[in-house]
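>>> got a predicted model here, sequence first, then my questions.
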Amino acid sequence: MGSFYAPIPESWKDHPFVKRLSQYMDLGSADYESLWRVIEGETKVEKRKDLVVDGYGYRKLCFVEDGFAARYKLLRNGKRQIINLILPGDVIGLPGSFLERARYSVIALSPLKLHICPINSYVQLCYQKPQFGLALSWLAVQEMILGAEHTISTGRRNPEERVAHFLLELYSRLKIVGRAVNSRLELPASQEIISDALGLSVPHFNRTLAKLRTDGLIATKGRQIEFIDHPALELLGNYQPLNLTRIPSPHFAATN
């Protein structure tokens, strides 16, 4: 198990990662404590620092409390592809910790605050409380669906559809952990990073935002985005909310 033996803070139940888990499973007092006990410690990471490096081993799960990061691949020709953005409540080390060597790098886009758990400690927790293994499976399914949507966006959606879908997905993910409300959000990264993630140039991304603004779908102020016509934006981006089912209780699973 981890070696972080500080008392469980009252704020632990409001940790974004814990909030994500509570979307899919019922957590009791013993569950909160069990999860806290596998935490090795807290750490802060400076902006622009790599946490995970492609080709090197990484055997930890880091639960993001504050800040933003990006998972990316750097190709031999020097070109970079942003694979996805990492938000509060996400897990750094998924999937890297399940491989002998990480396949992608992770860089901090802002100062990060993380709670760190050795992968072996989490595995031991899953043996003792299998529901936490199921929870990680549910989160992995979510990652897979998001990855598929990004493939569809870069392969088949036009720029307006692509940006609309991205903004709606970002808002949904931030809203779950209480970091976006009232159809408003703040972009978590620079235009360069977001453009890279969407497979657009920075000028093209800016023109697309301007088009959505002119069409009355969004309003912008710096990095702040407000959805003016949420239904129309969903229609444009062909956006379908990610409504994963809850993890069945042991009693339900045994009788069905």
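Done, it's in.
>>> contact partners for residue 216?
228-229 (C-beta atoms under 8 Å, 6 or more residues apart in numbering). All C-beta atoms are positioned from the backbone trio N, CA, C, and that covers glycine.
>>> so which strand or helix has it?
Using DSSP states H and E, residue 216 sits within no helix or strand.
>>> and for residue 30?
Per DSSP H and E: helix 29-37 holds residue 30.
>>> same check, this time on residue 194
Using DSSP H and E, residue 194 falls in helix 191-198.
>>> centre of the chain versus whatever helix or strand comes next after that helix, how much separation?
Counting by DSSP H and E, the next helix or strand C-terminal to helix 191-198 is helix 202-214. Relative to its chain's centre, helix 202-214 lies at 24 Å (C-alpha atoms, centre = their mean, to the nearest Å).
>>> other SSEs contacting the helix or strand following helix 202-214?
Later in the chain than helix 202-214, the nearest helix or strand by DSSP H and E is strand 218-221. Applying 3 or more C-beta pairs under 8 Å, 6 or more residues apart in numbering; DSSP states H and E, we find strand 218-221 packed against helix 202-214, strand 224-227.
>>> which of these sits closest to residue 72?
Taking C-beta to C-beta, helix 202-214 is the member of those nearest to residue 72, at 16.4 Å.
>>> CA atoms only: put that closest one into CSV for me.
Coordinates of each C-alpha in helix 202-214 appear next as CSV, following Å, rounded to 0.1, in the frame of the first residue of the first chain:
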residue,chain,number,x,y,z
VAL,A,202,-3.8,28.3,-35.2
PRO,A,203,-5.2,30.7,-37.8
HIS,A,204,-7.7,28.1,-38.9
PHE,A,205,-8.8,27.5,-35.3
ASN,A,206,-9.2,31.3,-34.8
ARG,A,207,-11.3,31.6,-37.9
THR,A,208,-13.5,28.7,-36.9
LEU,A,209,-14.1,30.3,-33.4
ALA,A,210,-15.0,33.5,-35.1
LYS,A,211,-17.4,31.7,-37.4
LEU,A,212,-19.2,30.1,-34.4
ARG,A,213,-19.3,33.5,-32.8
THR,A,214,-20.7,35.2,-35.9
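>>> from the contact counts, what lies against the helix holding residue 30?
Packing partners of helix 29-37 (3+ C-beta pairs under 8 Å, 6+ apart): helix 16-22, helix 119-128, helix 130-156.
>>> now those in CSV, with distance to residue 35?
Putting these into CSV (distance: least, C-beta to C-beta, whole Å) gives the following:
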stretch, distance to residue 35
helix 16-22, 7
helix 119-128, 7
helix 130-156, 7
